[in-house]
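Undergrad: how does the following fold in three dimensions:
(one chain, ligands or ions: 1)
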Amino acid sequence: MAIQNRDVKLLWGKAAGRCSICRIPLVSSTGDSEVPSNVIVGEMAHIVGEKHSTNSPRGISKLPEENRNDYANLILLCPNDHTIIDKDENEWPVERLHVIKREHELWVEEQLGSKLDEKTRIYDDFIDRVALTFELEHWEYLCDNLFRQIMPVDFPDGVYQLGFEHFRAIMPGKEPDFETALEALIVHSRVYVDHYLSEAKMTPGDPRIMARRRYRDDTDEDFLKHQALVDVHNKWERNCTMLLFNCVHALNLFADEVRKKLRPNFFIRQGKFCVHDFMGLMGASMVETWHLPERYFTKEDLDGPLRESGDTNTE
Ligand SMILES: [Zn+2]
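TA: Residues are numbered from 1 along each chain as shown. Model prediction:
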């Protein structure tokens, strides 16, 4: 299915006929003033590739092919930049292109002096930051790793940076429910990351932060001491899961608020963010499951004793 007329108009209009990266005009007039001739050099590039194929740059995605020619998945570029982004997918991933597109469209609005509401602008900034920090374009991949205690090294930085910017930001109070949801998400993600890092370790050159598992280095013959280390690990692991669920719950409440008034289509195709338990670890069913958190785990849940299972006896 070709790109529909409506999507073409939206894309060209919002980008003001300029390349979203280098901003050169994509319509140039040549010829003399009597007989002007317009040359159109702009290209409507696909953010997620047009086909679900490795031959299509950024083509492997859950976005259905019938949606790939929509305005939402297109970015207006000059031929030069189009070639550049398609040559190096790692350098130009999907989320980066979305940010570039959005920033370009905002730039256009500002240039035209439209009364862009600065108050809403800060909301937009935070919504984009959340999408980047939580890699919402690839949510299942990130969440699946976090669920298995494999945290990418740049994730904590993103979470802390988001918290720091939020701390400094002067929030306008125009959408109190949105602001509350944003704050809750930031708090829950910081609590989760703090907890995760408390018993995790980084290895130089490894892009993952993994569990410390101190009991494995324990060479003493002291059984009680060894058991205590095992308990520390097990409780850490269980609470990682609970706190991750709290993050995901906060993320869904945040996304609901974003959709209510600010961006009705915010990850609408993705829908609710779930915890994808690929290996069926929870409940030990060993069956692939999706969990949708419906409440926050409380301090009592986190302080609670570990359930007795196998050789792990805490009491
Ligand atoms: Zn360009």
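
Undergrad: can you list the domains in this protein?
TA: Domain assignment for the chain by automatic domain parsing gives 1-116, 118-315.

Undergrad: how about a markdown table for the ones you listed, with mean pLDDT and mean neighbour count added?
TA: For glycine as for every other residue, the C-beta is placed from the backbone atoms N, C-alpha and C. Compiled in a markdown table, these are given as follows (pLDDT from 0 to 100; neighbours: other C-beta atoms under 10 Å):
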| stretch | mean pLDDT | mean neighbour count |
| --- | --- | --- |
| domain 1-116 | 90 | 16 |
| domain 118-315 | 88 | 16 |
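
Undergrad: how about the ones you listed, which one is nearest the ion?
TA: Closest approach to the ion among the domains of the chain is made by domain 1-116 (3.1 Å; C-beta to the ion).

Undergrad: that closest one and the ion in contact?
TA: Yes: using C-beta under 5 Å from the ion, domain 1-116 reaches the ion at Cys19, Ile21, Cys22, Cys78, Asp81.

Undergrad: who's in contact with Met279?
TA: Counting by C-beta atoms under 8 Å, 6 or more residues apart in numbering, Met279 makes contact with Arg148, Met286, Glu288.

Undergrad: now Glu89: how far from Ala255?
TA: In this view, Glu89 and Ala255 are 26 Å apart by C-beta to C-beta, to the nearest Å.

Undergrad: so how far is Val48 from Glu65?
TA: Distance of Glu65 to Val48, given as C-beta to C-beta: 9 Å.

Undergrad: likewise Leu253?
TA: Per C-beta to C-beta, Leu253 is found 27 Å from Val48.

Undergrad: sec struct for the residue nearest to Leu132 when sequence neighbours are not counted, please.
TA: Spatial nearest neighbour of Leu132, excluding adjacent residues (C-beta to C-beta, 6 or more residues apart in numbering): Glu95 at 5.9 Å. Of the three states, Glu95 takes helix under DSSP: H, G, I helix; E, B strand; the rest coil.

Undergrad: I figured Glu95 hits Glu137, correct?
TA: Yes: the pair Glu95 and Glu137 qualifies as a contact (C-beta atoms under 8 Å) at a distance of 4.7 Å.

Undergrad: now do the shared contacts for the two.
TA: Ala131.

Undergrad: show me where this structure has its strands.
TA: With strands called from DSSP state E, the chain shows them at 27-30, 37-40, 43-46, 74-77, 151-152, 200-202, 208-211, 275-277, 289-291.

Undergrad: so for Gly163, which of these sits nearest?
TA: Closest approach to Gly163 among the strands of the chain is made by strand 151-152 (16.3 Å; C-beta to C-beta).

Undergrad: in terms of secondary structure, what does that closest one contact?
TA: helix 139-147, strand 208-211 (3 or more C-beta pairs under 8 Å, 6 or more residues apart in numbering; DSSP states H and E).

Undergrad: now with 7 Å, please.
TA: Secondary-structure packing of strand 151-152 (3 or more C-beta pairs under 7 Å, 6 or more residues apart in numbering; DSSP states H and E): strand 208-211.

Undergrad: contact partners of the strand it packs on?
TA: Gln149, Ile150, Met151, Pro152, Val153, Glu199, Ala200, Lys201, Met202, His233, Glu237 (C-beta atoms under 7 Å, 6 or more residues apart in numbering).

Undergrad: could you rerun that using 10 Å?
TA: 145, 148-156, 193, 196-197, 199-203, 233, 236-237, 240 (C-beta atoms under 10 Å, 6 or more residues apart in numbering).

Undergrad: now that strand: how far from the chain's centre is it?
TA: Its chain's C-alpha centre and that of strand 208-211 lie 20 Å apart, by C-alpha atoms, centre = their mean, to the nearest Å.

Undergrad: likewise for stretch 60-67?
TA: For stretch 60-67, the separation from the chain centroid amounts to 17 Å (computed by C-alpha atoms, centre = their mean).

Undergrad: now do stretch 192-200
TA: 20 Å.

Undergrad: on that earlier part again, overlap in contacts of Glu65 and Val48?
TA: Going by C-beta under 10 Å, 6+ apart, residues that sit against Glu65 and also against Val48 are Ser56, Gly59.

Undergrad: tell me the contacts of the most centrally placed residue in the chain?
TA: Among the residues of the chain, Glu135 comes closest to the average C-alpha position under C-alpha atoms, centre = their mean, at 2.1 Å. When contacts are counted by C-beta under 10 Å, 6+ apart, Glu135 touches Pro93, Glu95, Tyr141, Leu142, Cys143, Pro152, Asp154, Phe155, Gly158.
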